[in-house]
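S.K.: whatever this is, show me its structure:
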Amino acid sequence: MIGRRLLCVAPLLALTHPVRAQQQKRIVIPLQWYGVKVEDNAFTVEMPGVPDHRILNDRSARGTPFALHSYSLDVGGYSYVAQTALYPADVDTAQPRRLLQTALDDRAQPLVGRKWARTDWREIGGASAVDSIGLLPRDNGLRQLVLLKEHRFVSLAFMGSAGGMTGVEANRFFGSLKLA
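M.R.: Predicted coordinates for the structure are as follows:
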């Protein structure tokens with residue numbers, strides 16, 4: 001029975017094989033996006049895979065320890081990073097723009113010219129925020145969104161080819177952010 005089926009199908013395969021070889025279409029497998037809830041349900045964000053979660057020990061300028069939760073994923077030629085921390089009480093959050101500018105300045109060090117090509121200050125869900133794009137060496141780019149809502153620090157970063165900083169993947173990642 002199996003032999004008959006193979007004999008019937010074999011001529012069809014022989015006829016279609018040259019056509020397949022001529023077309024050589026690239027098969028693109030769509031990424032599976034997942035909702036990621038971060039520490040203390042501070043926010044959710046979507047990533048095209050399950051990220052690695054690490055807890056980094058940090059200290060305030062006055063030496064008070066706090067935890068920075070980092071969720072990272074490399075897929076499809078891009079890196080996705082979501083980070084959050086609840087700043088201790090000794091961090092003055094009364095002027096959020098000052099703290100966010102410090103974060104921008106710190107993260108500008110690896111950028112070409114050590115400066116951001118674009119910064120867009122705004123408010124998101126009652127939080128002060130800045131969306132920035134910068135160029136990295138070898139035609140790569142970094143886009144980040146940092147915000148501060150009371151003592152909650154949130155950062156999203158997207159890295160890859162410079163042309164992808166405002167592409168579909170980046171926009172989906174940043175657009176999926178939902179604050180608690």
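S.K.: so residue 61 touches residue 91, yeah?
M.R.: Yes. Here residue 61 lies in contact with residue 91, judged by Cβ atoms under 8 Å, at a distance of 7.5 Å. Every C-beta, even on glycine, is put in place using the N, C-alpha and C of the backbone.
S.K.: ok, those two, which is more surrounded?
M.R.: residue 91 (18 against 9; other Cβ atoms under 10 Å).
S.K.: surely the more buried one is in a helix?
M.R.: No. Counting by DSSP: H, G, I helix; E, B strand; the rest coil, residue 91 falls outside a helix, being coil.
S.K.: how about residue 61, secondary structure?
M.R.: Per three-state DSSP, residue 61 ends up coil.
S.K.: now swap in residue 70 and tell me
M.R.: strand.
S.K.: show me what it is bridged to.
M.R.: residue 54, residue 83 (DSSP bridges).
S.K.: OK, contacts around it?
M.R.: 53, 54, 55, 56, 81, 82, 83 (Cβ atoms under 8 Å, 6 or more residues apart in numbering).
S.K.: compare these and tell me which has the most neighbours.
M.R.: Busiest of the contacts of residue 70 [other Cβ under 10 Å] is residue 82, holding 26 neighbours.
S.K.: hang on, it packs against residue 52?
M.R.: No. At 11.1 Å, residue 82 and residue 52 do not qualify as touching, with contact defined as Cβ under 8 Å.
S.K.: pick the one among the contacts of residue 70 closest to residue 180.
M.R.: residue 82 (13.6 Å; Cβ to Cβ).
S.K.: which residues touch the closest residue to that closest one other than its chain neighbours?
M.R.: Leaving out its chain neighbours, the residue that sits closest to residue 82 by Cβ to Cβ, 6 or more residues apart in numbering is residue 71, at 4.5 Å. When contacts are counted by Cβ under 8 Å, 6+ apart, residue 71 touches 36, 38, 47, 51, 52, 53, 81, 82, 83.
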